[in-house]
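Asks: fold the following, please.
(2 chains)
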Amino acid sequence: MKPLTKNLWRGIRGSMGRFIAIILIIMLGVLTYVGVKATGPALKDSVNQTVTNLHLSDVQIMSTTGFTKQDVKTAEKVAGAKAEAVKFKYVTGGKDSYAIALYGYQHNLTENKLSLRSGHLPKNNHQIVLDYRAHSKYSYKLGQKIKFDKSAELKHRTYTVVGFVDSPSYVDNTERGSANVGDGSVKFFAEVPASQMNLSAATLLNVRFSKLQSRDTYSHSYKEAVSAKVKSLKKVFKTRGAERSKTLYNKNAGELTASQDKLTAAKNQLMAMGMTSKQATAQLKSEQSQLDTAKAKIKKATKTTYTWQTRSDLPGFTALGQSADRIAAIANVFPVFFFLVAALITFTTITRMVEEARAQIGTFKALGYSKMAIARNYLSYAFIAGMIGTIIGAFVGNISLPRLVLSLYQNCIPLIAVDKFQWSLFVISIIIALITTVGAAAIVVRSELKEKPSELMRPRSPKSAKRILMERIKPLWRRMNFNQKVSYRNLFRYKSRMFMTILGIAGGTALILTGFGIQNSIGASGSRQYSEIAKYQAVVRLNGSNSSQAVKVLKQDKQYKSQTAIDANVGNVSAHGHKVDDINIYAPSSKNQLKNFVKLISTDNGKNLSLKKSGVVLSEKMASQLKVKVGDTIRVKTTDNHTGTAKVTGITENFVGHYMYLSQSAYQKMFGTRAKTNTLLVRLSHQNQHQREKLANQLMKHGDTMGTSYTVDQQQTITTMSSSLSTVVLIFILLSGVLSFVVLYNLTNINVSERIRELSTIKVLGFYDKEVTMYIVRENIMLTVIGIIVGYGVGNALTAYILRQAATDQIIFPLTIHWVGYVVATALMVLFTVIVMLVTHRRLKHVDMVEALKSNE
Amino acid sequence: MAYIEVINESKRYQMGETTIVANDKLSFEANQGDLTVILGPSGAGKSTVLNILGGMDSPSDGEVIIDGTDIAKYSDKQLTQFRRTDIGFVFQFYNLIPNLTTRENVELASSIVPDALDADQVLKDVGLGDRLDNFPSQLSGGEQQRVAIARALAKNPKLLLCDEPTGALDYETGKQVLTLLEDASRKDHKTVLIITHNSALAKMADRVIRINDAKVRSIEDNPNPTPVEEIEW
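Replies: Numbers count the residues shown, from 1 in each chain, chains lettered A, B, ... in the order given. Alright, predicted model coming up:
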């Protein structure tokens, strides 16, 4: 080995602490960058893998008249389609007459395969498998019996639970959709052998296109391809639907046809006989009309209508994709900032290292080594440290963070975890890491090598001290004690270190605050929407426009407070060439009462808004998507095909969903028809889950309603959204903490070694150990305080930025950081300062003052 | 009367497997108010003695009695206390804090002792009354050493320890600095100990202790010390 190479290795061994510090900082930066960046894609990849492996259907069709083999053939006429007909029905059963989505199990099906969590699939006609959710949320156990209500129309009433399963149709365990039975919200799904279900035909047709499976299920290209397929399917089913209706009609109307024939014969006979008995004619007439009614009834019953749904209509499926997008959005900001701080620190450390080697560089130069040979020494050091850090960081980051997040999602989502190695991120990391390590070394070495060996071997003449600005402010300066003066002067003397420390602390504080802020703000959108904005607790959809039955049921409920009737509609709104779908259109029957149920508050001036005789009030997010202001005109189309235009009279604060509010008269003007009461907004005092289910059940049975939804359930969805991020947040907090600590520790170390003479001198002068430590730590304390305060500001800005990136088209996240975030961030920074102080104290206590003072400067 | 009594003091350093003996059973005394010079070539072990006398280091064996107390057995904390109140140091390379002005460097020392002298007054006494607000980098070597002496004196110590105080200075400035130390002994009655390899300085001392190869080789009393003014080298 050449002497210079030997020197390099010994140099690394000799300064192991610093070498490890550089590796550690780079590693942390890369780990966070790669890890967080890889998490969003990993989540999507896992969903894709899951739906591909379990053959999730692309399109599901439900029919009022059921599907036969003929329908399967019809569907498969569309290129690439594989169709399977399945029995499916919403039934009630279990402890509290839960609404259950019941599927007929056939072992030979290839689509929407179940994956077992425990037990086995049904082997005989007395066995049933339940949704894993039935186990986790409703505490069903293996071997337990589950009893179904009579209306379920099953061969038996009770079945034995033999397994718990996940289905790719239900990727998010927080919701199972809604149904027209029980209390209206599906609790879990179940699969019982198909023969057990007394249905004349299958009710659900699953269609899968194997060619589409290679596309990312959340991608635009997939969605477009599917909607093209849906179009073709609709085409073939148009004729098939009419055919099916006719077949069924003929079959059911067989008896009627016989009666009709008899009736016609009787009529003809009567006519032929020339008898015109009034009585007989009347009887015939009444029989004929009876027959007609019966026919119409059958016609209605045999009319085929299809309901279409794609993957994005599956409960929770879209939300999961958005959740991955949100993590990806965060990943665009957070780790970049983190990496930046790490890079700056590395730069400082490497710079310091090369500067320390000044005399050594001089010696090599004096011995006649070439510039390249000398430079290679330090560049290699930086390169080795940078590469080790990057490689460890990239691999650990790529494996750990996505896996961690996925495993947490797996608690509530049946996912097959996939994490691919992100090569592009790895390459970016290497480039940045090498710039900060090798780049820093190159810059410093270059400038050092320019000097003559004799100059190099002499220490660099110290930067001459300067008076600081503060001294000019005489009254302030005079009021400070000696120690303060010294600290301030030192702070400003080592400006770069001052900025680095502030940056490190501020960065850590900001990142921790951001972690909390993201979570708080997402939670706040739900909590503020359903406490400040929507003051009702339940929305009851009526069967007709008569609410008296529902109100009667409500009044019997102990928690009931008040209700107001509205015309609730769904539609789309367009203006300036933009269009927003899924708008809730609320026209209250009483403007004055609405105030008690919905808070309308202007986003412009915070004043309460009222509904005008004409014009509409729009919710905030929709207004910004449409780019409309007060006074602009919008165009509305409802799902029941009413259209109209109106002026915007106000924009109201709103966090979740899109709403349009208008008065009865404005409704009349806009759509040319009267608003019809179809929904009740209900205020209730606090209910428990059981009470909610009971009330919904009562309303369904006796209230003449279509269903009841509770705002608490919607809020729950958002709460889940924010808690699903809590691990990511915790990881952020941990990493940011470690980063700040390393920064502070590293810079304090540099500070101490740069000023070891100064510290030894005051030690010799008789400063107590505590005083010596404080001499240097006082600076840290000031910088920490400044850093924390700056961090508060940066944290808020960073959170606001990330929230804007992460916002979905339905939700506004109001910037919210609770005091806990501030307390934790501050406490951690204070803790780090204290730890660094203690470590420094130990080090200074044992410093060899004699040695430090012996040599020339 | 002996202010300093060193009895059989040894100092050994463990360097890997070899033991280096820096002081080997040294014994000597120095009187209160006297100017004592410890003379010896570099590597003789004289700095080690000074470090031990100044409470910067502890001996491996023996007693070091200063003003009637054995500091050899002092804890770190006691040693710091001792340095703080009883000792004034002057180094070859001044060791001023570069980021503090002349006055502040002196205040740094005077701020930690109860009966300190006025910083400005001491600086005037060493002839730097007009350089109070200058930084060390703006001063010459001699001026810097005078600031260092002022810093040592401002603490009003009982004992002034000087390690090669003129080592980095030219002849003239060296003399000025030595005069200040001489005055500290003769006028202010401080006990002054100077370590040097320059045998010419022996003439200014009340007592000269020669150390070589870790041992005391001779102790000479000088009843009529020559004033620094008249010494030449």
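
Asks: downstream of the strand or helix carrying residue A:248, the next helix or strand is which one?
Replies: According to DSSP states H and E, residue A:248 maps onto helix A:220-252. Counting by DSSP H and E, the next helix or strand C-terminal to helix A:220-252 is helix A:254-272.

Asks: which residues touch that following helix?
Replies: Helix A:254-272 is contacted from outside by A:277, A:280-281, A:284, A:287-288, A:291, A:294-295, A:298, using CB atoms under 8 Å, 6 or more residues apart in numbering or on different chains. The way it works is simple: take the backbone N, C-alpha and C, and place the C-beta from them, glycine included.

Asks: out of those residues, which are buried?
Replies: A:284, A:287, A:291, A:294-295, A:298 (16 or more other CB atoms under 10 Å in any protein chain shown).

Asks: so, low pLDDT: which residues of chain B?
Replies: For chain B, applying pLDDT under 70 flags the ranges B:1.

Asks: residue of the stretch 101-250 of chain A closest to chain B, please.
Replies: residue A:218 (59.6 Å; CB to the nearest CB).

Asks: checking the most centrally placed residue in chain B next. Helix, strand or coil?
Replies: The residue lying closest to the centre of chain B (CA atoms, centre = their mean) is residue B:161, at 1.5 Å. When classified by DSSP: H, G, I helix; E, B strand; the rest coil, residue B:161 comes out as strand.

Asks: ok, it - contacts?
Replies: B:50, B:53-54, B:87-90, B:193, B:195.

Asks: now, which of the residues you listed lie close to chain A?
Replies: B:54, B:87, B:89 (CB under 8 Å from any CB of the partner chain).

Asks: so how many other residues sit close to residue 175?
Replies: Picked chain A for this. Around residue A:175 there are 18 other residues, counting by other CB atoms under 10 Å in any protein chain shown.

Asks: my question was about chain B, not that one.
Replies: Other residues close to residue B:175 by other CB under 10 Å number 18.

Asks: wasn't it part of a helix?
Replies: Yes. Counting by three-state DSSP, residue B:175 is part of a helix.

Asks: now do the contacts for it.
Replies: The contact partners of residue B:175, by CB under 8 Å, 6+ apart, come to B:228-229, B:231.

Asks: circling back to that earlier point, list just the nearest of the ones next to chain A among the contacts of residue B:161 to chain A.
Replies: residue B:89 (5.5 Å).

Asks: right, and the closest one touches residue B:149 too?
Replies: No. The pair residue B:89 / residue B:149 is not scored as a contact, 9.9 Å apart, by CB atoms under 8 Å.

Asks: can you tell me the SS state at the residue most central in space within chain A?
Replies: Per CA atoms, centre = their mean, the C-alpha nearest to the average position across chain A is that of residue A:323, at 2.7 Å. With three-state DSSP as the basis, residue A:323 sits in helix.

Asks: which residues of chain B lie near chain A?
Replies: B:47, B:51, B:54, B:56-57, B:76-77, B:80-85, B:87, B:89, B:91, B:93, B:95-101, B:104, B:107-109, B:111-113, B:135-138, B:151, B:155, B:168.

Asks: contacting residues around stretch B:132-141?
Replies: A:461-462, A:464-465, B:94, B:96-103, B:105, B:120, B:123, B:131, B:144, B:147, B:168-170, B:173.

Asks: what residues sit buried inside it?
Replies: Here stretch B:132-141 shows B:132, B:134-136, B:139, B:141 as buried, counting by 16+ other CB under 10 Å.

Asks: could you do stretch A:128-142 as well?
Replies: For stretch A:128-142, using 16+ other CB under 10 Å, the buried residues are A:128-135, A:140.

Asks: closest to residue A:354 out of these?
Replies: Nearest to residue A:354 out of these is residue A:132 (CB to CB; 58.9 Å).

Asks: doesn't residue A:167 make contact with the closest one?
Replies: No. Here residue A:132 does not reach residue A:167: they are 9.1 Å apart, not a contact under CB under 8 Å.

Asks: smallest gap between chain B and chain A, at which residue?
Replies: For chain B, CB to the nearest CB, closest residue to chain A: residue B:84, 2.7 Å.

Asks: how about low-confidence regions in the stretch 751-857 of chain A?
Replies: For the stretch 751-857 of chain A (pLDDT under 70), the answer is A:852, A:854-857.

Asks: so the closest residue to chain B within it, which of the three states?
Replies: Taking CB to the nearest CB as the measure, the stretch 751-857 of chain A has residue A:766 as its residue closest to chain B, at 2.7 Å. At residue A:766 the chain is in coil, as set by three-state DSSP.

Asks: ok, and the closest non-adjacent residue to it?
Replies: Excluding the flanking residues, the one nearest residue A:766 by CB to CB, 6 or more residues apart in numbering or on different chains is residue B:84, at 2.7 Å.

Asks: residue contacts, residue A:578?
Replies: Counting by CB under 8 Å, 6+ apart, residue A:578 has contacts A:625-627.

Asks: next structured bit after the helix or strand where residue A:582 lies?
Replies: Here residue A:582 sits within strand A:578-588, counting by DSSP H and E. Where DSSP H and E defines the elements, the next helix or strand beyond strand A:578-588 is helix A:591-594.

Asks: what does the pLDDT read for residue A:409?
Replies: Looking at residue A:409, its pLDDT is 69.

Asks: can you pull out the helices in chain B?
Replies: In chain B, the helices defined using DSSP state H lie at B:46-53, B:76-86, B:102-110, B:119-125, B:141-154, B:171-186.

Asks: okay, now the unreliable bits of chain A?
Replies: Checking chain A against pLDDT under 70 turns up A:1, A:174, A:274-277, A:408-415, A:457-466, A:724, A:852, A:854-857.

Asks: break it into its domains for me.
Replies: Under the assignment automatic domain parsing, the domains of chain A span A:494-534+A:711-857, A:560-684.

Asks: in space, what's closest to residue A:740 - neighbours in sequence excluded?
Replies: The nearest residue in space to residue A:740 (CB to CB, 6+ apart) is residue A:508, at 2.8 Å.

Asks: packing partners for the helix or strand in which that neighbour is found?
Replies: Residue A:508 is located in helix A:495-528, with elements delineated by DSSP H and E. Under the contact criterion of 3 or more CB pairs under 8 Å, 6 or more residues apart in numbering or on different chains; DSSP states H and E, helix A:495-528 touches helix A:334-356, helix A:711-724, helix A:726-754, helix A:769-806, helix A:819-845.

Asks: which residues does residue A:166 bridge with?
Replies: Bridge pairing for residue A:166 (DSSP bridges) gives the partners residue A:115.

Asks: surely it meets residue A:114?
Replies: Yes. The criterion here is CB under 8 Å, and residue A:166 meets it with residue A:114 at 6.9 Å.

Asks: any common contacting residues for these two?
Replies: With CB under 8 Å, 6+ apart, residue A:166 and residue A:114 have no common neighbours.

Asks: which among the contacts of residue A:578 gets closest to residue A:210?
Replies: residue A:625 (36.6 Å).

Asks: OK, contacts around the closest one?
Replies: For residue A:625, the contact set (CB under 8 Å, 6+ apart) comprises A:578, A:580, A:809.
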